[in-house]
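> the sequence and its predicted three-dimensional model are supplied below.
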Amino acid sequence: MFAPLQNDSFLRACLRQPTPHTPMWLMRQAGRYLPEYRATRMKAGNSFMGLATNVGYATEVTLQPLDRYALDAAILFSDILTVPDAMGLGLSFGAGEGPKFAKPVQDEAAVNALAVPDMDKLRYVFDAVTSIRKALHGRVPLIGFSGSPWTLACYMVEGGSSDDYRKVKTMLYSRPDLMHRILTVNADAVAVYLNTQIDAGAQAVMIFDSWGGVLADGAFQEFSLAYTKRVLAQLKREKDGQRIPAIVFTKGGGPWLQEIADAGSDVVGLDWTVNLAQARAQVGGQVALQGNLDPNVLFAPPAAIQAEAIKVLDAFGRPQRADGGWDGHIFNLGHGISQHTPPEHVTALVEAVHRHSRTLREPA
Ligand code: CP3
């Protein structure tokens, strides 16, 4: 039903198989730094949800960065907050503001009312997955995604973005029973959401634990990682004989690298605070690694961007080990690309990653 894959380097690296270059994509690669994205956004009533809920527009903006740059994967254009929206929390994005929920989850009654939403409410996401997969014609694989149960809970309890996570941590420490109940519902919702994306055509899935790193040691394992594991345990890992790699990205997760690698994903995403050589030595035989250029590097001139990209590639090193086997590296940023990034700087980055990573595969 879908065209055969022409560039499978991303999927191969996720599975720690040989690739001719280090595949790359960028978190938030479709977004406001691209003038063509801003133009489509205007057509959609200048609204993010207007884009995300329209299959045609969501397909158009997903392909925009691929038409400009030689990226090795596409990522569904949507948002992590679609799931709590479908739970009835009333998501909106005010002009120039972050996300807001009309009905945040701040008392016991609201917690008890939570349930795994009917996936029909998220039909627009699954329709976008299928439409994007068709429009790709097999150019590169399509990544589906979700927020982690903990990261979704942060937005659901805070009612939007937060500087200090005061409300969600107050609940966590004073009513851990309520927090566990939210996280259980979220984990089961995320699992069925990702599995439905896989059914619709997603070829890999990524769990964004963007706010795992704000938790204390001990709390991270109990309130974030345990529920990421609950999602992973329910995921379809194969479709039509093809492995569907699962990626877990915990921003600020460096201190827990081994525990995250043990959670059961195929790939672990790393932010820029992590030393890639050390991470590979520790868990590279177990999982592929994705990352980890500081997105702010993209504000520097092209020559500096290229030098910093080479440092990241060299830190991981030659993907082929001395024993002949391969470890997996997917080049990415350590967090989402900034809306203030000059688009032509991304051209310099992609070129440097592909060129230099080929030299890491030449005989020594
Ligand atoms: O990577 C991609 O290109 C796919 C699309 C994608 C978006 N959001 C589109 C988006 C993905 C993977 C996300 C994930 C997401 N959303 C996360 C996890 C990743 C991370 O950055 O840590 C989080 C925490 C969110 C929540 C969210 N969505 C916030 C806080 C905001 C507002 C802040 C901002 O950057 O404007 C959004 C809106 C959003 N999601 C935009 C985009 C392109 C900006 C939308 C716009 O106004 O046009």
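Structure received. Numbers count the residues shown, from 1 in each chain.

> burial measure for the spatially closest residue to Leu270 that is not a sequence neighbour, as a count.
Leaving aside its sequence neighbours, Leu270 sits nearest to Gly291 (C-beta to C-beta, 6 or more residues apart in numbering; 3.7 Å). Every residue, glycine included, has its C-beta placed from N, CA and C. Per other C-beta atoms under 10 Å, the neighbour tally for Gly291 reads 25.

> confirm Gly291 sits in a helix?
No - Gly291 is assigned strand when assessed by DSSP: H, G, I helix; E, B strand; the rest coil, not a helix.

> in terms of pLDDT, where does Gly96 sit?
As predicted, Gly96 sits at a pLDDT of 76.

> my read: Gly144 touches Val205, true?
Yes - counting by C-beta atoms under 8 Å, Gly144 touches Val205, with 4.8 Å between them.

> around the ligand, pick out the residues from the stretch 51-200 of the chain.
Contacts of the stretch 51-200 of the chain with the ligand, taken as C-beta under 6 Å from any ligand atom, map to Ile75, Phe77, Asp79, Ile80, Leu81, Gly98, Pro99, Phe145, Ser161.

> what sits against the residue nearest to Leu270?
Contact partners of Gly291, counting by C-beta atoms under 8 Å, 6 or more residues apart in numbering, are Gly269, Leu270, Asp271, Trp272, Val274, Leu276, Val312, Ile330, Phe331, Asn332, Leu333, Gly334.

> same question for Val267.
Cys14, Pro245, Ala246, Ile247, Val248, Val287, Ala288, Leu289, Gln290, Gly328, Ile330.

> 7 Å instead?
Counting by C-beta atoms under 7 Å, 6 or more residues apart in numbering, Val267 makes contact with Cys14, Pro245, Ile247, Val287, Ala288, Gln290, Ile330.

> so which of those sit within strands?
Ile247, Ala288, Gln290, Ile330 (DSSP state E).

> does stretch 289-305 reach the ligand?
No - applying C-beta under 6 Å from any ligand atom, one finds stretch 289-305 separated from the ligand by no less than 10.0 Å.

> and the end-to-end length of that stretch?
Start and end residues of stretch 289-305 are separated by 21 Å (C-alpha to C-alpha, to the nearest Å).

> buried residues in that stretch?
For stretch 289-305, burial by neighbour count (16 or more other C-beta atoms under 10 Å) applies to Leu289, Gln290, Gly291, Asn292, Leu293, Asp294, Pro295, Val297, Leu298, Pro302, Ile305.

> now the protein against the ligand: closest residue?
Closest residue of the chain to the ligand, C-beta to the nearest ligand atom: Ser210 (3.1 Å).

> got phi/psi on Lys103?
phi -120, psi 80 (degrees, to the nearest 10).

> pLDDT score for the closest residue to Ala246 other than its chain neighbours?
Counting by C-beta to C-beta, 6+ apart, Ser265 is the residue found nearest to Ala246 once chain neighbours are left out, at 4.6 Å. Ser265 carries a pLDDT value of 98.

> quick one on the thing from earlier: just put the contacts of Val267 in JSON lines and tack on pLDDT.
Below are the contacts of Val267 laid out as JSON lines (pLDDT from 0 to 100):
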{"residue": "Cys14", "pLDDT": "98"}
{"residue": "Pro245", "pLDDT": "98"}
{"residue": "Ile247", "pLDDT": "99"}
{"residue": "Val287", "pLDDT": "98"}
{"residue": "Ala288", "pLDDT": "98"}
{"residue": "Gln290", "pLDDT": "98"}
{"residue": "Ile330", "pLDDT": "99"}
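
> got CSV for those residues, with distance to Leu34 too?
CSV is the format used below for the contacts of Val267 (distance: C-beta to C-beta, whole Å):
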residue, distance to Leu34
Cys14, 26
Pro245, 26
Ile247, 23
Val287, 31
Ala288, 28
Gln290, 22
Ile330, 21
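
> okay, Pro104 and Ile182: tell me how far apart.
Pro104 sits at a distance of 11 Å from Ile182 (criterion: C-beta to C-beta, to the nearest Å).

> what do these two both touch?
With C-beta under 7 Å, 6+ apart as the test, Pro104 and Ile182 both reach Met156.
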